[in-house]
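Peer 1: Let's see this in three dimensions:
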Amino acid sequence: MVLNKGDFVEVEFTALLKDGDVFDSNVKSELEKLHAGHEHPVEAKPFVFALGEGMFLKGVEDFLIGKDVGKHKISLEPEKAFGKRNSELIKMIPLKKFLENKMNPIPGSVFEFDGRLAKVLTVTSGRVVVDFNNPLAGKNVEYSVNVLRKVDDRDEKIRALNELFLKKNFDFTVDGTKLILDAPKEFEAFVKLVGEKYQTLLGLTLELKKTEEKKD
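Peer 2: Next comes the predicted model:
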């Protein structure tokens, strides 16, 4: 069964660096290693997404289009993975900026600046050098991907998009060409942002049935 752009697929995957270290996975045995000692380990479950729609690493999606259901080994150079390292993304920030926000910069620590993550490289008198490059930039990576099946059920596709874009599986109904989510009013902005994807992939116009946030 050849996979095409826009097809929904269910996959298990493990991502490794060139030296064999695993940095991401949704396979139970690998997740247990990655999160060993964590109080709340991540649940292992297959990932459902639409191919060629920017929902997974582009290099992996591009590789899978035209392939069959089954197991694949995908080797990616930095350009097709997390990009090359860019020296212009290494910035110097005054120490007072951290102190004003009650942050304690220590080499190796990671902070968020304007929605971007940055790793502290060095701290000197009055200055902090931070790196805005993706931690995996400049690295060759390998993905072991097992495409379990092509997903054809409409409701399953809807649930996959809800989980990916809204991070919750809200109750929903389909009325003709309308997909109506039973979600709190505060999700209205998110619905407007992602509505085009639902229209493109499912042919459904996304709407919100406004409800009050339920209190525990």
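Peer 1: hang on, isn't Arg149 packed against Phe8?
Peer 2: No - using CB atoms under 8 Å, Arg149 is not in contact with Phe8; the gap is 9.6 Å. From N, CA and C alone the C-beta is placed, and that goes for glycine too.
Peer 1: Neighbour count for the two, which is higher?
Peer 2: Set Arg149 next to Phe8 and count neighbours by other CB atoms under 10 Å: Phe8 wins out with 23 against 13.
Peer 1: what pLDDT does that one get?
Peer 2: At Phe8, the model reports a pLDDT of 98.
Peer 1: what about Ala36, how many neighbours?
Peer 2: Ala36, neighbours per other CB under 10 Å, totals 8.
Peer 1: quick one: it from Glu77, how far?
Peer 2: 30 Å (CB to CB, to the nearest Å).
Peer 1: Same check on Lys84?
Peer 2: In terms of CB to CB, Lys84 sits 9 Å off from Glu77.
Peer 1: Domains of this protein: list them as residue ranges, please.
Peer 2: Per the record, the chain has its domains at 1-83+139-152, 87-131, 153-216, by automatic domain parsing.
Peer 1: Flag the helix or strand of the chain with the lowest per-element mean pLDDT.
Peer 2: Every helix and strand in the chain was compared by mean pLDDT, DSSP states H and E; the lowest is strand 205-211, with a mean of 83.
Peer 1: what pairs with it, and is each one parallel or antiparallel?
Peer 2: Strand pairing for strand 205-211, using DSSP bridges, gives strand 178-184 (parallel).
Peer 1: Format the CA atom coordinates belonging to the strand it pairs with as CSV.
Peer 2: Included here for strand 178-184 are C-alpha records, laid out as CSV according to Å, rounded to 0.1, in the frame of the first residue of the first chain:
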residue,chain,number,x,y,z
LYS,A,178,-19.2,21.1,10.0
LEU,A,179,-17.0,19.6,12.7
ILE,A,180,-18.3,21.0,16.1
LEU,A,181,-16.0,20.7,19.1
ASP,A,182,-17.4,20.6,22.6
ALA,A,183,-14.7,22.8,24.1
PRO,A,184,-14.4,25.8,26.5
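Peer 1: Check what pLDDT the closest residue to Ala118 other than its chain neighbours gets.
Peer 2: In space, and not counting its chain neighbours, Ala118 is closest to Val130: 4.1 Å by CB to CB, 6 or more residues apart in numbering. On pLDDT, Val130 comes in at 95.
Peer 1: Now for Thr173, how many residues are close by?
Peer 2: 10.
Peer 1: How far away from the center of its chain is the longest helix anywhere in the chain?
Peer 2: Counting residues, the longest helix found in the chain (DSSP state H) is helix 188-202. Here the centre of helix 188-202 is set off from its chain's centre by 17 Å, with CA atoms, centre = their mean, to the nearest Å.
Peer 1: Quick check: mean pLDDT of that helix?
Peer 2: Averaged over helix 188-202, pLDDT sits at 92.
Peer 1: Counting by contacts, list what that helix packs against.
Peer 2: Counting contacts by 3 or more CB pairs under 8 Å, 6 or more residues apart in numbering; DSSP states H and E, helix 188-202 is packed against helix 154-161, strand 178-184, strand 205-211.
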